[in-house]
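1. Below are the sequence and a predicted model; questions follow.
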Amino acid sequence: MPKQGLEREIIDALEPRAAERGIDVVDVEVVGASKAPCVRVRIDHADEDAPTISLDEVTVETGWISDVLDELDPIPSSFTLEVSSPGMARPLRKPRDFARFAGQVVQVSLTPGEGRRRFTGTLLGIEGEAGGETVALECDGQRVELALEDIRKCTIKPDFSASGASR
C-alpha cells in the first residue's frame, strides 16, 4: 500500500530520524484545503513489544518531527502539524503491520477499479515477496486475497464490545 507524492516525500524524510529515536512512523496524511492544509503524522514505538506511545512521549517527539518538516519545507504555504498515536483505528501501511496485526478485524479500501472496493474481515496475514505481497482476509466465511499495491487504506476496526458501556 505505497503512499504517493507529498505523503511519500514526508515519510521518506521522517523515517531515518524516527529509526534513530526508536519511533515508527505509522502513517502520514495531508488533508484539508490547499491554502492551509493539515499534516497528520501518526507515530508509535518501533519496538512492537513496547506499550502504545503515550501523550507525553508524542509531545517530546513532535519537536524533531516539526524540525524535519521545516527543513523539508514540503508545503509552500503555512500548514498545521498534528502528531498523534495511531489510535484504536490504527492504519496499516507496511507489510510488517499486516503480519503483526493478523487476527484483528480490519476495514480495507482498494484503489478505484472494477469490482468490489471495500472489505471488512479478519486479517489472516501477508504473503509473498517485496513488490508482490498479497494480504489475506476472511470475509463472510470466504478467504479473500488482495494485492498490497491495490490497497488504498486499511485500518483496524475498533471493538467496543468489551467496553462495559451499558445500553
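-> Noted; the coordinates are in hand. Numbering: from 1, shown residues only.
2. rest of the way, CA atoms for contacts and neighbours
-> Will do.
3. Quick check: buried residues in stretch 46-57?
-> Taking 16 or more other CA atoms under 10 Å as the neighbour-count basis, stretch 46-57 is seen to contain the buried residues 46, 52-53.
4. List just the nearest of the residues you listed to F119.
-> Distances from those to F119 were compared by CA to CA; the smallest belongs to T52, at 26.4 Å.
5. State the helix or strand in which that closest one lies.
-> Assessed by DSSP states H and E, T52 sits outside every helix and strand.
6. Wait, it touches H45, no?
-> Yes: counting by CA atoms under 8 Å, a contact exists between T52 and H45, whose distance comes to 6.8 Å.
7. Which residue ranges of this structure form helices?
-> Read by DSSP state H, the chain holds these helices, from start to end of the chain: 5-20, 55-72, 95-100.
8. could you dump the ones you listed to a markdown table with mean pLDDT and distance to I156?
-> Conversion of the helices of the chain to a markdown table gives the following (pLDDT from 0 to 100; distance: least, CA to CA, whole Å):
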| stretch | mean pLDDT | distance to I156 |
| --- | --- | --- |
| helix 5-20 | 95 | 21 |
| helix 55-72 | 96 | 20 |
| helix 95-100 | 93 | 10 |
